[in-house]
Structures are given as C-alpha cells and as structure tokens.
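Peer 1: need a structure here:
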Amino acid sequence: MIKPRTPPGVMELLPPDQIAFQRMLDTIRRNFERFGFLPVETPVMELSEVLLTKSGGETERQVYFVQSTGALGKSEGGGESTPELALRFDLTVPLARYVAEHEHELAFPFRRYQMQRVYRGERAQRGRFREFYQCDIDVIGKDALSIRFDAELPAVIHAVFSELNVGAFTIQLNNRKLMRGFFEALGVADGEQQALVLREVDKLDKRGEGHVRDTLVDDFGLADTVVARILDFVKVRSTSHADALAKLDALGEGTDALREGVAELREVLELVRALGVPESAYALNFSIARGLDYYTGTVYETTLNDYPQIGSVCSGGRYENLASHYTKSKLPGVGISIGLTRLFWQLREAGLLDTAQSTVQALVTQMDAAHLPHCLAVAGELRHGGFNTEVVMEPSKLGKQFKYADRAGIRFVIVLGEDEIAKGTVTVKDLRREDQFEVPRSELAKTLRVELAQAQALSKAQPTA
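Peer 2: Next comes the predicted model:
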C-alpha cells in the first residue's frame, strides 16, 4: 500500500486554516477591486519560448518543464514535435504575453489584478514553497505612464494590509534611477556592474553590512572609500514625511539620473500622503533595490514592524517596457505582488491568525427520519435569509449532533422536534454563548442576524491588548 503524503514544497491545509487563507484571498481581491483593478487569469502553462525571455537571477533556473506521456510517444514515433511547455514562475511574464497578445482589445491604462498559483523549483526548506499563490496588481500604459500611478500602489497596499489586520507595517520606497545616479557619481557607471551592486545592497537588511562590504570590495573590486560611501547611502531611512523630503533634499544636484530619481520620489511621496496613507505607514529606504533587473524607477517593499524576520510581505516597482520581447509597442507599467502562501505560513507560525472558525453558520439537527422534510424546509429558509446552513441528513442522538457542531466550529444549532413542529417554532442552541432559546420559524433568520450583530458589536467594544 502506498503511503499517502504530499510532495515537498507545497502547502496543504485542513479546513479551518483553508478558511482563514480563503478569507485573506477575499480581502485582497476586495481591495484590489475597490481601486478599480480588473481580474485576469492566465494558463498555468506557457510556451517555454514565451516564458523564458525575462532575465532575473536564479528564477529561470527553477523552472518546471511540462511534458505529457502522449507527446513523448509521438516524438519517439517520428511525428510532429509538440511545443515545449513550462509552468509559470511568476505572474509578470504571463501578463507581458497577455497584454501583447490582446493589446488592441484592451483599454489603456490597463489595470489588472491576478491571484493564482505559480511554481518554482525551490530547495526544500521550511517556509519556502514550490507551489504558491501570488496576488498581483499592475497598471500598464501605452507609450507612457504617469509617475502618479506609482503613488497609487502604496495606497492599495495600505488598504489591503490594514484590513488583513496583521499589525503595524511599513511600506518602504526607493527609486533605482536615484541609486544608479548615485553610483555613477562614484565612478560605478557600467550598467552590468551597477546591476550587480544593486542586487548586493538589496541584501543589506538580510545579510548585514559586513557581508555586503566584503562582497563589494573582494568580489566586485570596488575601493574601500567608494564602498564606505555606498554603505552610508544605503543605510538611509526616513522617520516621517518631512524627514523623507529632507533626506531627498540632502542628496543635492548630482547626476541627471539622480535628479530624476529624486524628483520622482518626491512626487510619489506627496501623492501617497494625498491619498490618505498615514506617514507612519511609509518611509524611504535607500537599500531597497529589488533583485529583478527589469525595475527601472520606483521600487517598494512592505514589512511588518513587529515581525521583521518575515521579510518583505509585498514588493514591486516600475518597469519601462513590460512586453518588449513580444511587441514593438512600448508598454511601461508599475506593479506589486503579495506572496500569499509564504505570508500565510509565516503569520500562522507567529500565531497571528484566528483559524478556529467555520464557514457554516447553522446546523439543522434531525432526531426522527419523519422530520426530514421540515428540517430541509428550515434549512432552505435560513439559506434564503443569507446563512450558510448544513442539515444533518441521518437521524441520531441530539448530544452526538451537538458534539459534531462544536467540533466543526458551527455556532448555531437548530433543534426541530415534535413540539417545535407542532408550534411552528425552533429551538436555537448558541454554542458560542452557551445559550438556548425558542423562536418562531418565521423569525429565525432575523433573530440570528441580531445575535451576530450583537456579538460583532461586543467584540469591537472590547479593549485590545
């Protein structure tokens, strides 16, 4: 007999955790749509020649290739070769293909959200996944895209994470033009070398100053004085809106790239505040570069203040030409991504998730098979009234049915016996409050709504620790 087990690198949840995960998905989707983003889904498989066009460090070396046994048989028999397929490793490359393919059918700026699984051949370890959900939004322009869209995305991030209720968080902003301009002034002008330095300083908060210094000196051959200035620069953090503007002013004139990056960041910061994001929720961080080479301007990383070990929970940035491999049109854009599977796992490990709930709100019991039509009718009335309702389909002892409801996390148990049927009433057992009362069937849904509203009001009135 084969032992049942999940493959390494995947997250498979029991219903209470799956409900919590689904609610996070619903919260993210709801906020994406509130900001006017439209849903898109792309196939889990893409043609490998389409998928493997973006350069991006280790990512492409983690791709899963797909081959069916039927296609293998055909190729061995001398038939026509089947195009090679691969599983998507992010949602950005499929978006590029999608926009290029449907360019003449879309309205620009094109605002899309996408919430699907992606696949990477990660080394098996705790908290790293080979199959995981990404939740992305992007705004794509035709020929040009205003910097003002770069400011809108932090407002979306703030709305999402405020409703997820995971504690205080900080949206950290930087601009790669500013960084490149600063490096140019230090004599690090070669584009390839700049990219290497950018990737390394992006690791400052993860690997520490000593590691970054040694790499820049020993591996990249930069002078000690240059490295010292780079490290001083990338350690800059702002503490308020005014402090952020002052730190930008302190950079001076510099190169054209630096001036352009400073101007863009200043405009983004002013608009972020105008969009209602509190200044405690965003800050400059000059070490944020993002590892992928296609980012060209604004970059973002979001961290939880009380749980820095989790790392970035939402990141992204501006790119100048999303689909250059697939179309001659210039399609600049800006986007962010939430790696939801890893975030959920980390939050659960930190004890920040409430998973002791069910999507079922009411259980209609059955004590006698002859009562089943009445039970089904009550369940139908509850569902019509907006309640997720389960019916016990086989009669059994009432205590056993109560025990089942309690274990399944169902709050309301509806008892329908001979007396209740005769009187046109039901007995409601509230397992949460350990209370029991009788109510006319016609008033059942309304009564349960009142009970839930009162419970919600009480939970909001309770002081937080």
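
Peer 1: low pLDDT regions in the stretch 351-465 of the chain?
Peer 2: Counting by pLDDT under 70, the stretch 351-465 of the chain has low-confidence residues at 356, 459-465.

Peer 1: in the stretch 251-400 of the chain, which spans are helices?
Peer 2: 256-274, 340-349, 372-384, 398-408 (DSSP state H, counting those that start in this stretch).

Peer 1: as JSON lines, these with distance to residue 301 and mean neighbour count would be great.
Peer 2: For glycine as for every other residue, the C-beta is placed from the backbone atoms N, C-alpha and C. Formatted as JSON lines, the helices of the stretch 251-400 of the chain follow (distance: least, Cβ to Cβ, whole Å; neighbours: other Cβ atoms under 10 Å):
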{"stretch": "helix 256-274", "distance to residue 301": "14", "mean neighbour count": "19"}
{"stretch": "helix 340-349", "distance to residue 301": "13", "mean neighbour count": "20"}
{"stretch": "helix 372-384", "distance to residue 301": "44", "mean neighbour count": "16"}
{"stretch": "helix 398-408", "distance to residue 301": "40", "mean neighbour count": "15"}
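
Peer 1: can you tell me which of these is nearest to residue 177?
Peer 2: The closest approach between residue 177 and any of the helices of the stretch 251-400 of the chain, judged by Cβ to Cβ, belongs to helix 256-274 at 3.4 Å.

Peer 1: tell me the gap between that closest one and the middle of its chain.
Peer 2: Put simply, helix 256-274 sits 26 Å off its chain's centre (Cα atoms, centre = their mean, to the nearest Å).

Peer 1: quick one: contacts for the spatially most central residue of the chain?
Peer 2: Centroid-nearest residue in the chain, with Cα atoms, centre = their mean: residue 338, separated by 2.7 Å. Applying Cβ atoms under 8 Å, 6 or more residues apart in numbering to residue 338 gives the contacts 28, 134-136, 160, 313-314.

Peer 1: restricted to strands, list those residues.
Peer 2: If you go by DSSP state E, the contacts of residue 338 have 134-136, 314 in strands.

Peer 1: using PDB, write out every CA atom in stretch 89-99.
Peer 2: Presented in PDB, the C-alpha positions along stretch 89-99 are these (Å, rounded to 0.1, in the frame of the first residue of the first chain):
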ATOM      1  CA  PHE A  89       7.300  31.000 -12.200                       C
ATOM      2  CA  ASP A  90       5.600  34.400 -11.600                       C
ATOM      3  CA  LEU A  91       2.600  36.300 -13.000                       C
ATOM      4  CA  THR A  92       4.600  39.200 -14.600                       C
ATOM      5  CA  VAL A  93       5.800  37.300 -17.700                       C
ATOM      6  CA  PRO A  94       2.400  35.800 -18.400                       C
ATOM      7  CA  LEU A  95       1.000  39.400 -18.000                       C
ATOM      8  CA  ALA A  96       3.500  40.600 -20.600                       C
ATOM      9  CA  ARG A  97       2.400  38.000 -23.000                       C
ATOM     10  CA  TYR A  98      -1.300  38.600 -22.300                       C
ATOM     11  CA  VAL A  99      -1.000  42.400 -22.900                       C
END
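
Peer 1: for that stretch, which residues meet the burial criterion?
Peer 2: For stretch 89-99, a neighbour-count test (16 or more other Cβ atoms under 10 Å) marks 89-99 as buried.

Peer 1: and for stretch 274-290?
Peer 2: 275, 277, 279, 281-290.

Peer 1: what's the burial count for the residue lying closest to residue 128 once chain neighbours are set aside?
Peer 2: In this structure, residue 128 finds its nearest non-sequential neighbour in residue 122, 4.6 Å apart by Cβ to Cβ, 6 or more residues apart in numbering. When neighbours are defined as other Cβ atoms under 10 Å, residue 122 has 15 of them.

Peer 1: so residue 122 is in contact with residue 64, correct?
Peer 2: No - counting by Cβ atoms under 8 Å, residue 122 sits too far from residue 64 to count as a contact (10.9 Å).

Peer 1: excluding its backbone neighbours, what's nearest residue 430?
Peer 2: In this structure, residue 430 finds its nearest non-sequential neighbour in residue 412, 6.1 Å apart by Cβ to Cβ, 6+ apart.

Peer 1: surely the one you found meets residue 365?
Peer 2: No - the criterion here is Cβ under 8 Å, and residue 412 misses it with residue 365 at 10.9 Å.

Peer 1: reformat the helices of the stretch 251-400 of the chain as TSV; add distance to residue 186.
Peer 2: Shown next, in TSV, are the helices of the stretch 251-400 of the chain (distance: least, Cβ to Cβ, whole Å):
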stretch	distance to residue 186
helix 256-274	11
helix 340-349	35
helix 372-384	67
helix 398-408	63
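
Peer 1: which of these sits closest to residue 166?
Peer 2: Among these, helix 340-349 sits nearest to residue 166 (Cβ to Cβ), with 6.2 Å.

Peer 1: and residue 342, how far from residue 14?
Peer 2: Applying Cβ to Cβ, to the nearest Å, the value for residue 342 to residue 14 is 19 Å.

Peer 1: you'd agree residue 352 is up against residue 166?
Peer 2: Yes - between residue 352 and residue 166 there is a contact under Cβ under 8 Å: 5.9 Å.

Peer 1: give me the more crowded residue out of those two.
Peer 2: Of the pair residue 352 and residue 166, residue 166 is the one with more neighbours under other Cβ under 10 Å, namely 20 against 17.

Peer 1: now do stretch 37-56: distance to the chain's middle.
Peer 2: 18 Å.

Peer 1: averaged pLDDT, that stretch. What do you get?
Peer 2: What stretch 37-56 shows for mean pLDDT is 85.

Peer 1: any buried residues in stretch 442-452, and which?
Peer 2: Those would be 444-445, 448, 451, for stretch 442-452 by 16+ other Cβ under 10 Å.

Peer 1: could the residues you listed go into JSON lines alongside distance to residue 197 and secondary structure?
Peer 2: Shown next, in JSON lines, are the buried residues of stretch 442-452 (distance: Cβ to Cβ, whole Å; DSSP: H, G, I helix; E, B strand; the rest coil):
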{"residue": "444", "distance to residue 197": "67", "secondary structure": "helix"}
{"residue": "445", "distance to residue 197": "63", "secondary structure": "helix"}
{"residue": "448", "distance to residue 197": "61", "secondary structure": "helix"}
{"residue": "451", "distance to residue 197": "61", "secondary structure": "helix"}
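
Peer 1: mind putting the residues you listed into TSV with distance to residue 126?
Peer 2: Formatted as TSV, these follow (distance: Cβ to Cβ, whole Å):
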residue	distance to residue 126
444	47
445	45
448	42
451	41
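
Peer 1: one step back: can you tell me how far the residue nearest to residue 128 is from residue 202?
Peer 2: According to Cβ to Cβ, residue 122 stands 19 Å off from residue 202.

Peer 1: over to residue 67?
Peer 2: For residue 67 relative to residue 202 (Cβ to Cβ), the value is 35 Å.

Peer 1: the two - which one has more neighbours?
Peer 2: Using other Cβ under 10 Å as the criterion, residue 67 and residue 202 rank with residue 202 on top: 22 against 12.

Peer 1: show me the contacts for the more buried one.
Peer 2: By Cβ under 8 Å, 6+ apart, the contact list for residue 202 reads 287-291.

Peer 1: does the closest residue to residue 348 other than its chain neighbours sit in a helix or strand, and which one?
Peer 2: Excluding the flanking residues, the one nearest residue 348 by Cβ to Cβ, 6+ apart is residue 17, at 6.9 Å. Residue 17 belongs to helix 15-34 when assigned by DSSP states H and E.
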